[in-house]
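In: sequence and predicted structure, then a few things I'm wondering about:
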Amino acid sequence: MTDTSHITPDGSPHVSPEAPHRPVGRRAVLLATGATAAALAVGAATTPEAPAAPDTAPAAAAAVCTLTKEMTEGPYYLDGQYVRTDITEGKAGIPLKLKLTVVDDDTCAPLAGALVELWHSDALGEYSGFVGDNGHDGPDSGTFLRGGVLTDSSGVAAITTIYPGWYRGRCVHIHVKVHTNVTVTADGHFTGGQEIHTGQLFFSETITNAVARVSPYSTNTVTRTTLAQDSVYDEGGAASGLLTLTALGGTTSAGYAGTLTLGVER
């Protein structure tokens, strides 16, 4: 099942197996707060012609919604995965604690009860269900580093995983889908519903460089594609899925917390 269409005869990367292949049909947004909202507030306060805001102005007026692109699904998606908060299945790697907030793009209100689904490669660049595609053998459950979580009343999906590895032609990334109205089966899988967003999450090169020096990532001999070299990431920062990462401890091995606010069009 190995896809070699992206490898030239001399073994070098040619074309990513996940290069975009169709126009984006849906929209997604990110909620810009913090520095953006503060900058808007400062601008209003220092502009002589700007009238004072009335005391009755809604708090939501400080929220700014910015359109962002969806990203290709890629060749390694398997549907109907588990609904679970920890998708590691014992895979070795640096801990990654994700908190993804889903909001409605029209109102910026949090979207509760949506299923946020993730899938990504292990430290050696192998996807469950496709182990061997990146040149490393090993046991294959077909489910490791795959799964989804329903958002809480604040629109937050909290998922524990590991920092992804890399494979030929792609930078380090995580795939994400957002579904609404799914059904959770008795054995813990999800089914049905409506898919409203397909995207990818990306990582700082500074942190990825540090991770790449730690075992088992350091044993991955595949040449790593950087964020700037990637054929999918469009240099759009948070608007294109770049996570905000915070160290969980004093060493790289202690892991990271990653956050991002995704807005979706219902």
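Out: That came in fine, so what should we check first? A quick note: this is a predicted structure, and the numbers were derived from the prediction, not measured. Numbers count the residues shown, from 1 in each chain.
In: going forward, measure contacts between C-alpha atoms and count neighbours the same way
Out: Will do.
In: where's the residue nearest the centre of the chain relative to Ser153, distance?
Out: The centroid of the chain falls nearest to Leu201 when counting by C-alpha atoms, centre = their mean (2.6 Å). Distance of Leu201 to Ser153, computed by C-alpha to C-alpha, to the nearest Å: 23 Å.
In: same question, Val178
Out: The value you get for Val178 to Ser153, if C-alpha to C-alpha is used, is 16 Å.
In: now for Thr161: which residues touch it?
Out: By C-alpha atoms under 8 Å, 6 or more residues apart in numbering, the contact set of Thr161 is 86-88, 95-98, 145.
In: do that again at 7 Å, thanks
Out: Contacts for Thr161 (C-alpha atoms under 7 Å, 6 or more residues apart in numbering) come out as 86-88, 95-97, 145.
In: which one of these is nearest to Gly129?
Out: Ranked by distance to Gly129 (C-alpha to C-alpha), those are led by Leu145 at 10.5 Å.
In: that closest one against His120, yeah?
Out: Yes - shown here, Leu145 and His120 form a contact pair, counting by C-alpha atoms under 7 Å, at 6.0 Å.
In: these two: which has the busier surroundings?
Out: His120 (28 against 24; other C-alpha atoms under 10 Å).
In: isn't the more buried one right up against Val176?
Out: No - His120 is beyond contact range of Val176, at 9.0 Å (criterion: C-alpha under 7 Å).
In: torsion angles phi and psi at Gly237?
Out: phi 60, psi -140 (degrees, to the nearest 10).
In: now the one helix or strand Leu96 maps to, how far from the centre of its chain.
Out: Following DSSP states H and E, one finds Leu96 within strand 95-104. Offset of strand 95-104 from its chain centre (C-alpha atoms, centre = their mean, to the nearest Å): 8 Å.
In: now that strand: mean pLDDT?
Out: Taken as a whole, strand 95-104 has an average pLDDT of 95.
In: from the contact counts, what lies against that strand?
Out: In terms of contacts (3 or more C-alpha pairs under 7 Å, 6 or more residues apart in numbering; DSSP states H and E), strand 95-104 is packed against strand 156-162, strand 256-264.
In: and the helix or strand that the shortest one is followed by, what does it pack against?
Out: This points to strand 156-162. On the C-terminal side of strand 156-162, the closest following helix or strand by DSSP H and E is strand 173-180. Here strand 173-180 touches strand 115-119, strand 194-202, going by 3+ C-alpha pairs under 7 Å, 6+ apart.
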